[in-house]
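Q: sequence and predicted structure, then a few things I'm wondering about:
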Amino acid sequence: MRRVCALLSMKRSNEGHYNYKAILALAVLLILVAPFSAAENTIPQGGTVFVGEEDLDITLTGATAGSSLAWYGTGGQVSHAPAAQVTVGDPSAFYVSPITFGGKTGPWFLLPENTVAFYLEEPSLGIRVVDYSSGFVVSPSATWIPKGDTAGFRVDTNLWVMANRPGTAGAPLSIRLNGPDSLTFSSLGGYSLEGVVVSSSPFETGPVWATGSAEYPIGEYSVYVRCDANDMSDNYPAAGKAISEKVTFLVQRVNPLITGTTPLPVTSVPTATRTPTPAGSPPASPIETATTATPTVQETGTPLPPTPTPTPAPGFLGFAAVLAFLAALALLVRKGRMP
């Protein structure tokens, strides 16, 4: 609108002529902008409005400045006194304040005729991540998408009834996808995540996210969806209302529930041997002993001297010599007597 105002305030050129290109641009801009801005905030009689919407045009309901709107409570009857009553200020810029209208859902009536002006609803908005390759939805029990699978999103909301407003195709939503290292994705391939028009519920984007692409790193992702139509998300930011709760999940190749196992230590059990019982001994309980290897011991130290050869006693040798001498003498005497 700032651009429109700038064009409206343009002056003549130095030659005294209007800039016809600017006039043409203004006309095109008004043609494009006017239907959409009017469609989102124009409420027909008996239409649905949501808590938190502002700048609504409710003139088609029959409301005028100073009109009274009445709410008779859940299941209330128009014959009873209203449970709540609101005075309309500007019917072309009506604000459904959460403070005034919060929790007061159902029909609101225009007094004094007691005709239905509009129906009030609390906005409801939720999003889920769908793995189209493996055929499952991310949940507390399945919080990861295998890297390489094709995924998308499923939106559950009652805001789709905006499609019943004059000239609008549905509720304009924005899907906010955040990835590792503060990455933010405004589109997935050729699919824009901004200005997603929802005219039914549940709504599915289809398989628009090829997670195997290198531009989607392995790690933790989060996604939520919001509706900024008529400043609803700013006025009513409670989780699950105009802004959904955030869904957090992993994109990786390995199932995070599968972890490596630590090998158990191996314990060596000694071999049991039975000690034999000697013959004649009374039987006894067998004693089992553990066989262990006897270590080889190398002895060191001064070697023992060799054992000396025994020397014969001197007395014995002398006696033998005497006998030999006497024998030789006797032999000589005998030879001397012979002729």
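A: Received the coordinates, thanks.

Q: CA atoms for contacts and neighbours, from now on please.
A: Fine.

Q: would you confirm that Pro217 contacts Pro180?
A: Yes: assessed by C-alpha atoms under 8 Å, Pro217 is found in contact with Pro180 at 7.1 Å.

Q: show me the helices in the stretch 51-200 of the chain, by range?
A: 98-101 (DSSP state H, counting those that start in this stretch).

Q: now do the strands in it.
A: Secondary structure of the stretch 51-200 of the chain by DSSP state E, counting those that start in this stretch: the strands cover 68-71, 84-87, 106-111, 115-121, 125-131, 136-137, 144-146, 150-157, 171-179, 183-185, 187-188, 191-192, 196-198.

Q: neighbouring strands for the longest one, and are they parallel or not?
A: Sheet partners assigned to strand 171-179 using DSSP bridges are listed as strand 183-185 (antiparallel), strand 196-198 (antiparallel), strand 219-226 (antiparallel).

Q: next one: the third one
A: Strand pairing for strand 106-111, determined by DSSP bridges: strand 68-71 (antiparallel), strand 115-121 (antiparallel).

Q: in a markdown table: these, plus mean neighbour count, mean pLDDT and distance to Ala163.
A: Listed next are these as a markdown table, based on neighbours: other C-alpha atoms under 10 Å; pLDDT from 0 to 100; distance: least, C-alpha to C-alpha, whole Å:
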| stretch | mean neighbour count | mean pLDDT | distance to Ala163 |
| --- | --- | --- | --- |
| strand 68-71 | 22 | 98 | 24 |
| strand 115-121 | 20 | 98 | 15 |
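
Q: same list (those strands) but as JSON lines, adding distance to Asp131.
A: Converted to JSON lines, the strands paired with strand 106-111 look like this (distance: least, C-alpha to C-alpha, whole Å):
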{"stretch": "strand 68-71", "distance to Asp131": "44"}
{"stretch": "strand 115-121", "distance to Asp131": "32"}
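
Q: compare those strands and give me the one nearest Thr105.
A: Smallest distance to Thr105 across those (C-alpha to C-alpha): 4.9 Å, for strand 115-121.

Q: and the contacts of the closest one?
A: 43-51, 61-63, 69, 104-110 (C-alpha atoms under 8 Å, 6 or more residues apart in numbering).

Q: buried members of these into PyMOL, please.
A: Applying 16 or more other C-alpha atoms under 10 Å to those, the buried members can be selected in PyMOL as follows:
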select buried, resi 43+44+45+46+47+48+49+50+51+61+63+69+104+105+106+107+108+109+110
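
Q: show me the shaky parts of this protein.
A: 1-39, 257-325, 327-339 (pLDDT under 70).

Q: that one - how does it break down into domains?
A: 1-40, 42-122, 125-252 (automatic domain parsing).

Q: quick revisit: out of the strands paired with strand 171-179, which is closest to Gln252?
A: Of all the strands paired with strand 171-179, strand 219-226 comes closest under C-alpha to C-alpha, at 6.4 Å.

Q: alpha carbons only: can I get the closest one in CSV?
A: Once non-C-alpha atoms are left out, strand 219-226 reads as follows in CSV (Å, rounded to 0.1, in the frame of the first residue of the first chain):
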residue,chain,number,x,y,z
GLY,A,219,20.7,-33.1,11.3
GLU,A,220,17.7,-31.8,13.2
TYR,A,221,14.8,-30.0,11.5
SER,A,222,11.7,-28.3,12.8
VAL,A,223,8.5,-27.2,11.0
TYR,A,224,5.4,-25.2,11.9
VAL,A,225,2.6,-23.5,10.0
ARG,A,226,1.0,-20.1,10.6
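
Q: quick one: that strand to strand 125-131, angle?
A: 140 degrees (axes from the mean of the first three to the mean of the last three C-alpha atoms, to 10 degrees).

Q: run the angle between strand 219-226 and strand 150-157 for me.
A: Strand 219-226 runs at 30 degrees relative to strand 150-157, counting by the same axes, to 10 degrees.

Q: in the very next helix or strand once past strand 219-226, which residues are buried?
A: Counting by DSSP states H and E, the next helix or strand C-terminal to strand 219-226 is helix 232-235. By 16+ other C-alpha under 10 Å, the buried positions in helix 232-235 come out as Met232, Ser233, Asn235.
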